[in-house]
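> Sharing a model that was predicted from the sequence below.
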Amino acid sequence: MNKKYGIGTGILAGVLLLACTLTCCKSGGSKGPKEGATVEVPGSNTAVYEDIKKAEKIFNALPSPLESAMLIKSAGAKFDQSLLNPVANSGNYVTNRSMALNLGIYTCDLSFASLYEQTQLIIDYMNSAKKMADGLGILKTIDQPTIDRLEENINNSEVIMEIVSETFMNSSSYLQDNGQEAIAAIVLVGGWFEGLYISTQLVDLKEFNGNKLVGRIIDQKLSIDILLNLLNKNKGNPAVDEIIGQVNRLKTVFDKISITTSPVRPEYDKTTNTTVLKSEIKTDMSPAVFKELATIVAEIRSTFVK
Amino acid sequence: MRIYRIIPVLALLIIATTVNAEAQCKAFAKKICLPELGSYTHDGNYHAAVLVEGEEAELYKTFYSDMDYRVAICGEEKLPNIEFRILDANKNVLYSNKDANYAKTWDFKLQSSQQLKLVIKVNSFNKQGETPASGCVSIMFGFKVKK
């Protein structure tokens, strides 16, 4: 009896451990021990709080496709349809990796088209994004009522942005809640690369100095480590490993750009109820480094959309 | 033999409870936290997790000088106050909602683009002998182009 009980207990522990492993990976952020983490330990719950210490979560937040598109527009760039990934390509993507990358890419293109009020393109790119989401098994994220709502409000840019934001959040949350963190990360990478690709292609080298869009491209250096951390959390997945190699190549070029920031001074503005984070920034990117960056971004992006 | 009947039931129960908690977390984020962004456009990113009292989470994000931002951090009612701090790259605290009566939102803009770190901590009820409270915590960002 004792032996049977022992085996049963072992199986029970094993199954429970497996169940915990499966479920504990679905909390949106990544988890891992952290040095120097402080957690209050109230009385008899010490053991529970020891486990909590190990379960700390870290979120690596890349700019969303909508934010990337907004940054391009706010820099005064013009719309150029030829830079978008043609919707006709959507039939080429059959692997999870290519569908995830192009869900991010098409969502960025959709955001770009929305901000420039390209009505027909908005519907076309929403359908392409839907095709990628459907292929990834993301159910009901972009359903027919969403498409209908989009068509009904095609001239209302605020509602369009709301729909784009909502559908992107639904995709991300579905993937995270279903243990597909790696796919969720790849979607974000696709969107980020597309924003960077469009930006680099829109820069006119004759107006390089003082170009606001060049400033936005330099700012992306601040996100490259966030991007790598996001991917490294999913290391071991072959699709992710390949992208890590590509991002590392890009990082070597970003490393040639210098950014120096003075200490940040928060100043509260009572009239607007807003805090202004004041600091001065000095950046340096030569046209040669920019060309190198633009070339490598285009090269990597071409592997994503082929 | 009873143990063999209990094993799959327990395993399923754990999986079902957690998956359900995550689904509820998404609904909480959309229904409760999203409206906190008010007139700001939600960036579309989803950051939410089930946290237990005393637990901390961190978020790293680049913010741009062309935008006005609102961050909204919301916790379910069953949780104690959620404290959040915003730190710069040198770990200087730029804002703490503890100084603003644990406000759920903070509006800010930047003179120059910066990578900032958010540290979120679920406070503790300090009730000895009781199971610590757990619930969904959601982090959302809204933006507007600076006028």
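Yep, that arrived. Numbers count the residues shown, from 1 in each chain, chains lettered A, B, ... in the order given.

> Can you show me the strands along chain B?
Taking DSSP state E as the criterion, chain B carries its strands at B:41-42, B:47-52, B:56-63, B:67-75, B:82-87, B:93-96, B:105-110, B:114-122, B:134-145.

> so who does the nearest residue to residue A:124 once chain neighbours are set aside touch?
Leaving out its chain neighbours, the residue that sits closest to residue A:124 by C-beta to C-beta, 6 or more residues apart in numbering or on different chains is residue A:87, at 4.8 Å. Placement of C-beta: from N, CA and C, glycine included. Taking C-beta atoms under 8 Å, 6 or more residues apart in numbering or on different chains as the criterion, residue A:87 is in contact with A:106, A:124-125, A:127-128.

> thought residue A:169 was touching residue B:42?
Yes: the pair residue A:169 and residue B:42 qualifies as a contact (C-beta atoms under 8 Å) at a distance of 7.2 Å.

> on that earlier part again, looking at the contacts of residue A:87, spot the one nearest residue A:291.
Nearest to residue A:291 among the contacts of residue A:87, counting by C-beta to C-beta, is residue A:106 at 27.4 Å.

> thought that closest one was touching residue A:90?
Yes: with contact defined as C-beta under 8 Å, residue A:106 counts as touching residue A:90 (7.3 Å).

> rewinding a little: as JSON lines, the strands of chain B with mean pLDDT and distance to chain A would be great.
As requested, these are exported to JSON lines (pLDDT from 0 to 100; distance: least, C-beta to the nearest C-beta, whole Å):
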{"stretch": "strand B:41-42", "mean pLDDT": "95", "distance to chain A": "5"}
{"stretch": "strand B:47-52", "mean pLDDT": "94", "distance to chain A": "4"}
{"stretch": "strand B:56-63", "mean pLDDT": "96", "distance to chain A": "4"}
{"stretch": "strand B:67-75", "mean pLDDT": "96", "distance to chain A": "7"}
{"stretch": "strand B:82-87", "mean pLDDT": "96", "distance to chain A": "9"}
{"stretch": "strand B:93-96", "mean pLDDT": "97", "distance to chain A": "5"}
{"stretch": "strand B:105-110", "mean pLDDT": "97", "distance to chain A": "4"}
{"stretch": "strand B:114-122", "mean pLDDT": "96", "distance to chain A": "5"}
{"stretch": "strand B:134-145", "mean pLDDT": "94", "distance to chain A": "5"}
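
> among those, which is nearest residue A:269?
Using C-beta to C-beta, the strands of chain B put strand B:105-110 closest to residue A:269, at 9.0 Å.

> Give me the angle between the closest one and strand B:114-122.
170 degrees (axes from the mean of the first three to the mean of the last three C-alpha atoms, to 10 degrees).

> how far out from the middle of the chain is strand B:105-110?
Here strand B:105-110 is found 16 Å from its chain centre; the criterion is C-alpha atoms, centre = their mean, to the nearest Å.

> What of stretch B:85-95?
17 Å.

> End to end on that stretch, go ahead and measure it.
Using C-alpha to C-alpha, to the nearest Å, the end-to-end distance of stretch B:85-95 comes out at 6 Å.
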